[in-house]
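1. can't give you the sequence, but here's the structure:
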Ligand SMILES: CCOC(=O)c1ccc2c(c1)NC(=O)[C@@H](C)N2
């Protein structure tokens, strides 16, 4: 039935997001960038993204596929690479998460193809 088919997809999306969150060991992607701490952030970044926002979107059924989740993950990473210069911890952490996150997403995408 449809509800049975939907559930594994949500389970896979949640476990993928959990795996991505686990790799954010510095916890710099956990919450939206604090605009009072970083007042010029929106002058450079038009669409902020973070893991808590992705979690809310996931539970709100905003993601229909791993590809949808990957789009927001890529946005979150590219925002960080754009705003923070190369010599910062933030920029370096984003490059690292981009690499390990890419492998997590590739594996999740393969799994989703076996759900059908
Ligand atoms: C309490 C001060 O926090 C920050 O300045 C800060 C905290 C977290 C951040 C960030 C800045 N910048 C970023 O690009 C994303 C990835 N994370």
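-> Here it is on my side, so go on. Model, not experiment: these values are computed from the prediction.
2. C-alpha from now on. contacts and neighbour counts both.
-> Fine.
3. can you list contacts of stretch 17-26?
-> Outside stretch 17-26, the residues that touch it by Cα atoms under 8 Å, 6 or more residues apart in numbering are 30, 51, 55, 93, 97, 100-101, 104.
4. of those residues - the most surrounded one?
-> residue 101 (24 neighbours; other Cα atoms under 10 Å).
5. which residues does that one contact?
-> Counting by Cα under 8 Å, 6+ apart, the residues that residue 101 touches are 20, 23.
6. and with 7 Å instead?
-> By Cα atoms under 7 Å, 6 or more residues apart in numbering, the residues touching residue 101 are residue 20.
7. what of the one 4 residues further on?
-> Counting by Cα under 7 Å, 6+ apart, residue 105 touches residue 70.
8. tell me the predicted confidence for residue 5.
-> Note on residue 5: pLDDT of 56.
9. ok, now the one 10 residues further on?
-> Residue-level confidence at residue 15 comes out at 97, pLDDT.
10. residue 67 versus that one, what's the distance?
-> 14 Å (Cα to Cα, to the nearest Å).
11. repeat for residue 103
-> 13 Å.
12. now residue 82
-> Here the criterion is Cα to Cα. By it, residue 82 lies 22 Å from residue 67.
13. do residue 113 as well
-> On the measure of Cα to Cα, residue 113 and residue 67 end up 12 Å apart.
14. so between those two, which is more surrounded?
-> residue 67 (14 against 8).
15. just give the number of residues close to residue 90.
-> So residue 90, with other Cα under 10 Å, has 19 neighbours.
16. again with the one 4 residues further on
-> Burial measure for residue 94: 21 neighbouring residues, criterion other Cα under 10 Å.
17. renumber starting at 11 from here on
-> Done: numbering now begins at 11, and the last item shifts to residue 104.
18. thought it was touching residue 90?
-> Yes - look at residue 104 against residue 90 with Cα atoms under 7 Å: they come within range, at 6.5 Å.
19. could you point out which element follows the lowest-mean-pLDDT helix or strand in the chain?
-> When the helices and strands of the chain are scored by mean pLDDT, DSSP states H and E, helix 12-33 comes last with a mean of 86. Downstream of helix 12-33, the first helix or strand assigned by DSSP states H and E is helix 51-54.
20. I appreciate the help and will end here.
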